[in-house]
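Enquirer: Pasting a predicted model and its sequence here:
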Amino acid sequence: MKSKILALLGSTLLTGTAMAGGYQVNLASQRQIGMGHTGTGLNTGTSSIFFNPGAMAQARNGVTIGASFITAKIGYQAPESNKTIQADNPTGTPFHVYGVYGITDKLKAGIGVYTPFGSTVKWGDEWNGRFGLSELSLQAIYVQPTLSYQITDKLGVGAGLVVAFGSVNLQRVLPVQNSNGDEAKIEMDGGANTTVGFNAGIHLQASDKLSFGLNYRSKINMEVENGDVTFTNVPAAAGANFQPGTQFSAALPMPATLSFGIGYQASDKLTLALDISRVEWSAYKELRFDFTKPVAGNNFSANARNYEDVYIYRIGGEYKVNDALAVRAGAYLDKTPVENGYLTPETPDADSRGLSVGLGYAFSEKFGVDASFLYINKKERTDLANLSGGVPGTFKSIAYIPGIAFNYNF
Amino acid sequence: MKNHIYKSGMLALFAGVLLTSCDPEIDGPSVSAGTQLNLTKYVAVGNSLTAGFGDNGLYREGQLGSYPAILAGQFAEVGGGAFVQPLFTEAQANGSGYLRLTGFTSTGSPITSQVTTNLARREQNSPLLTKFTDPINNLGVPGIKVADVKTPGYGSVQGNPYFERITPDNAALQTYLQRVQQSTDHTFFSLWLGNNDVLSFATAGGASASASNQITPVGVFESNYSDLVNALTANGQEGIVATIPDVSVVPFFTTVGPQVKQSLTANNVPGMVAITGAGQTRTQFATAQINAPTNGVLFTLTSAAYAPLIGTKTGKYWRDLARQVSPNPADPNIVRATLQNLLSADKGYAIDTTQLFGVSAGNPWPSALLLDVAEQTLVKDATIAFNNIIKAQATAKNLAVFDANAYFNGIQSGFVANGVAYSPSFITGNLFSLDGIHPTPRGYAIVANEMIKAINAKYGSNIPKADETQYRAVLLP
C-alpha cells in the first residue's frame, strides 16, 4: 500500500503540459515589420540574409542592428467564470544583426544573427491553470553565415548555414501540498544542443517593376539533454516521487518555412509587396520529456500537440516621401497551427491579425534608422484543451511591438 | 537630423505606452441570477457536510470552505447578500479538533494524529463547544439525521453539541425543525440532509445495538423531510436539495477491502468468517465478495489496524474494545473483566482468541469492522427510498436537485480538472479528507460547483463557478 499511495502522490504531473505552441517570432527587420513583414520578393538590403538569401547579392555592404520590444497581453477566463486573469509577461526583446560584404560584384558574403522562435509567458503560481504552467521562457538564436551569387542581372541565388542555439525554462506547480498548505513546484531548465539547418532562396527581377522570391528555411530540431529538474516544497512523504538530481531531455521542432513573395515597384516612390508563407508546424506532434529518475512514477511525460501546417498571408507597402524619409504600412493574417482541443497556456494561440506601420530615415548615404510598430490581435478562443492536457477556458491575446534598427552602409 | 530621431523614437515610445496600458477583455457570457432567483438571503440546512466538517472534525478552515460559504461567495457575484456562519474564533480555530496526517507506517498505512490545541471546548473532557447564538445563515449541524429534526432537547446540553452550540439558552428544547421554521425571510435555501440516516448504521458496521445507530424508518424520514421542505418553502422560496450518496463509494468503505482481498487471494484463502449484526451470529463470505458490485461486503476504514492480523491467533481487537468500553479504562482489573465479558459465550461474542482471526468461527472478524451483505442491502434499500422521497419533494415544490448519489457514482473512475486528477481514492484522490467520508475543502468546492450547475439548469440563472484550485486537498507531512 505504501508504494501505491506514495507513488500516486502528485502523479497528476503527467496530465499537465509544457512549452510553447505557435512560438514563431516573425520580427526579423524593422523595415520589413513596417511593411507587414513582407520581403521574400524584395531586395531588403542586409535583412535578405533572413528573408531571401537569393536577394542578398544585390545588397550594399553594410551592417544592420535592431530590436523589438514585445509587450504581450494575454487574458484568460475559466469556463463558466466571470473573472479575467492576465498573464504577467515580461517584455520580450527579439533582436537581429546582419552584415553583408561583397567579395566580388556578383558574390556576396553575409552573416546574420536573429531570433526566429521564442516565447515568454508568465501566469504565476496562483491561477487555476498553474498545474499546467506557471511560467515558460523559450529562446532560440540562429547564427547564419550566408553566400549569395547574382547569376544574371535578373537572377540571384543564395544559401546560408543556420547554426541554432537555444534554451528553455519551464515552471509549473505540482498538485501536492505540504503540511503548511504550500504547493510543490517543478522547474525544468536546460540549454539546447547546437543544431544546424539551412536557409536558401532565389530572387528574380522579372521586370523593372516586378520581382519574385522563393525562400526555404529548414526545420531545426532543438534538443535539450541533461537539463536540470528542480523540485521545491515537496512534502517528505512524496519525496520518492520527486527526487533531487533528476535531469530531463526534450526536443522541440523549429518548423520549416517556405515563403513566396512578390514585389511591385508601382512608382519611383511606391513599393508594394505580398508574401505567402507555409509553416510546416505538423512537425510538432507531441511534447515529450524524458526523465533520468522517475517523476511521479513515470520515466517520461508526453502530451499531444498535433499542430497542423498553416499559411501566413502578408501585404505591405513603402512610400518614399523624399530621398531621406520613407513611410510604411502593412498587414498580415497568421492562421493558428493549434487545432481545437489542443490549446495550451504556453501559447494560447488563435488566428492572429497583425497591423504595422513604420518609418525609415536616411541621415546620410551611409547611416539610416528604421522604426516600426506592430499591433497583433489574436482572435478570442475558447477551447476544452482536452486533447493536449491544457487548461480549458477562453484566451485572448494582443501584443504591442515597437522596434528600432540602425543601418550603416560602407 | 537629431530632431527626427527624437521624434520618431518618441512617437514609437508614446504609441507603446498608450497601447500597452490596455489589457485584453474577454466577453464571457454575462453572469446573472436570472429572472427567477432572488439570492439576497440564503440559508443552508443540513448536517456535517453543510457545516464544513472534514478530517473527522469541525474547525475554522473547514467552515470557511464549506460548500454553503462557497455558494454564497458565488451568489454575491449576482446579487447575493451576506452569509453568516457560526465560525470558531481564530483563538479557537481548531474547533472540535481534527485529524492530521503525520506520516505513513512501514507497510504504508497513513498515520494520523488528533489536533488537540486551540479547541473550542467549553470545558476539558466535555463535548460542549463555545456558543454562537447570533443569527446565522449556515444551520449545518454535524451528526444530525432527518430522524432527529423533531426531537425536543436535541440542542440541549445532553443533545448534539453542535446544535447545542447554536441554540440560544432560552430555547434549549427547541427542535431543529423549529429552528428552521424561525427563518421566514430567506429567499433561497439549500437542504442536504439524510446522509446520517443511513451512514451512522453503516460506519458502525451495522453492529451497534444503540438506537442512534439504526437506519431511520422510511415513514419517519418522509414525514420529517417534508416538514423541513414545507418550512423552507413556506413563502414560495426557491432552493436546492441534494440526494444521499451510496455509502459504498466513499474511501471509508473502499480503502481496506481491496487490500484484504489482494492478500487473501495471494494466499489462496477462499473466504472469511465474520459476526453479523449486533449479536453473536456468524456469517461467511467469499474473498470474491469483497467490494464486489453485487452481494459485496465492505470493510470499514477503522479496520485498517486489524486487517494485517487476519489468519493469526490474536485477540487484539477485543483488547482494544475492552479498553474503549470499560467503565474504568485506567484500572487493568476492570478492563480485564470487561474483556472476559466480551469474549464469553453467554454475555459477549463467544470468542476463542487461540483460533485464527477472521477465518474461523471461533475467532471471527468483528461485525463493527464489516458491512456484510445483509447489512448493505438494508443500507442500499434505505438510500434508494430516501432519495426517492427527496426527489419527489423537489418535484412537488419545483426545486433544483443536486443528485449527489448520481454524481459520486459517476466519478468512481476519476476525472481531471485544471490539470489535477481526482478520484475517490483515500488520500491520493484529492477529494476526500482523512476521515474517508467528508470531502476535502477542494472536494467541497467541486460539490459547490456541481450545485451551481444544477441551480443554473433549473432556474435559468448564470451564476459563475468557483475556482476549486484555491481550496486545499490533503496536506502531506
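Expert: Okay, I see it.

Enquirer: Which of the three states applies to the residue in chain B that chain A sits nearest to?
Expert: Closest residue of chain B to chain A, Cβ to the nearest Cβ: B:Gly108 (2.3 Å). Backbone N, C-alpha and C define where each C-beta goes, glycine included. Secondary structure for B:Gly108, judged by DSSP: H, G, I helix; E, B strand; the rest coil, is coil.

Enquirer: Backbone dihedrals for it, please?
Expert: Backbone torsions for B:Gly108, taken as degrees, to the nearest 10, come to phi 100, psi 0.

Enquirer: For it, the count of nearby residues, please.
Expert: Other residues near B:Gly108 number 14, with proximity taken as other Cβ atoms under 10 Å in any protein chain shown.

Enquirer: ok, what's across the strand from the residue lying closest to A:Leu325 once chain neighbours are set aside?
Expert: Take A:Leu325 and drop its neighbours on the chain: the residue closest to it by Cβ to Cβ, 6 or more residues apart in numbering or on different chains is A:Tyr361, 5.5 Å away. For A:Tyr361, the beta-bridge partners under DSSP bridges are A:Leu325, A:Val369.

Enquirer: Isn't A:Tyr361 up against A:Ala405?
Expert: No - with contact defined as Cβ atoms under 8 Å, A:Tyr361 does not reach A:Ala405; the gap is 11.4 Å.

Enquirer: which non-adjacent residue is nearest A:Pro53?
Expert: The shortest distance from A:Pro53 to any non-neighbouring residue, by Cβ to Cβ, 6+ apart, is to A:Gly158 (2.9 Å).

Enquirer: Mutual contacts of A:Tyr361 and A:Ala405, please.
Expert: A:369-370 (Cβ atoms under 8 Å, 6 or more residues apart in numbering or on different chains).

Enquirer: Please identify which of the two sits among more neighbours.
Expert: Between A:Tyr361 and A:Ala405, A:Ala405 has the larger neighbour count (other Cβ under 10 Å), namely 27 against 19.

Enquirer: part of a strand, is that one?
Expert: Yes - if the criterion is three-state DSSP, then A:Ala405 is within a strand.

Enquirer: Could I get the pLDDT score of the nearest residue to it once chain neighbours are set aside?
Expert: Sequence neighbours aside, A:Gly66 is the residue nearest to A:Ala405 in space, at 2.6 Å (criterion: Cβ to Cβ, 6+ apart). What the model reports for A:Gly66 is a pLDDT of 96.

Enquirer: just how off-centre is the helix or strand harbouring A:Gly66 within its chain?
Expert: For A:Gly66, the enclosing helix or strand under DSSP states H and E is strand A:62-68. Strand A:62-68 sits 18 Å away from the centroid of its parent chain (Cα atoms, centre = their mean, to the nearest Å).

Enquirer: After that strand, which helix or strand is next? Please name it.
Expert: Per DSSP H and E, the helix or strand that comes after strand A:62-68 is strand A:71-77.

Enquirer: so how far is that following strand off the chain centroid?
Expert: With Cα atoms, centre = their mean, you get 17 Å for strand A:71-77.

Enquirer: Where does pLDDT dip in chain B?
Expert: Filtered on pLDDT under 70, chain B yields the residue ranges B:1-22.

Enquirer: what's the domain layout of it?
Expert: What automatic domain parsing lists as the domains of chain B is B:42-248+B:374-470, B:253-373.

Enquirer: Which parts of the stretch 301-410 of chain A are strands?
Expert: Along the stretch 301-410 of chain A, counting by DSSP state E, counting those that start in this stretch, strands occupy A:310-320, A:325-334, A:352-362, A:367-378, A:381-383, A:393-409.

Enquirer: Packing partners of the shortest one?
Expert: Okay, so that is strand A:381-383. strand A:393-409 (3 or more Cβ pairs under 8 Å, 6 or more residues apart in numbering or on different chains; DSSP states H and E).

Enquirer: Dump the C-alpha coordinates for the strand it packs on into CSV.
Expert: Output in CSV follows, covering the C-alpha atoms of strand A:393-409 (Å, rounded to 0.1, in the frame of the first residue of the first chain):
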residue,chain,number,x,y,z
GLY,A,393,-11.2,28.2,-21.0
THR,A,394,-11.2,31.4,-23.1
PHE,A,395,-8.0,33.1,-24.1
LYS,A,396,-7.4,36.4,-25.8
SER,A,397,-4.0,37.8,-26.7
ILE,A,398,-2.8,41.1,-28.0
ALA,A,399,0.7,42.4,-28.4
TYR,A,400,2.2,45.8,-29.0
ILE,A,401,5.6,45.7,-30.5
PRO,A,402,7.7,48.8,-31.1
GLY,A,403,11.1,48.4,-32.6
ILE,A,404,14.1,50.3,-33.8
ALA,A,405,17.0,49.4,-36.1
PHE,A,406,20.1,51.2,-37.3
ASN,A,407,21.8,50.7,-40.7
TYR,A,408,25.3,51.6,-41.6
ASN,A,409,26.5,51.1,-45.2
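
Enquirer: Average pLDDT for that strand, rounded please.
Expert: Strand A:393-409 comes out at a mean pLDDT of 94.

Enquirer: And for stretch A:26-41?
Expert: The average pLDDT for stretch A:26-41 rounds to 96.

Enquirer: And the next helix or strand past the helix or strand where A:Gly201 lies?
Expert: A:Gly201 belongs to strand A:183-205 when assigned by DSSP H and E. Following strand A:183-205 in sequence order, the next helix or strand is strand A:210-217 (DSSP H and E).

Enquirer: Give me the mean pLDDT for that next one.
Expert: 98.

Enquirer: Same question for stretch A:174-190.
Expert: Mean pLDDT, computed over stretch A:174-190, is 94.

Enquirer: gap between the two ends of it?
Expert: One end of stretch A:174-190 to the other measures 20 Å (Cα to Cα, to the nearest Å).

Enquirer: can you pull the buried residues of that stretch?
Expert: Within stretch A:174-190, the residues scored as buried using 16 or more other Cβ atoms under 10 Å in any protein chain shown are A:174-178, A:182-186, A:188-190.
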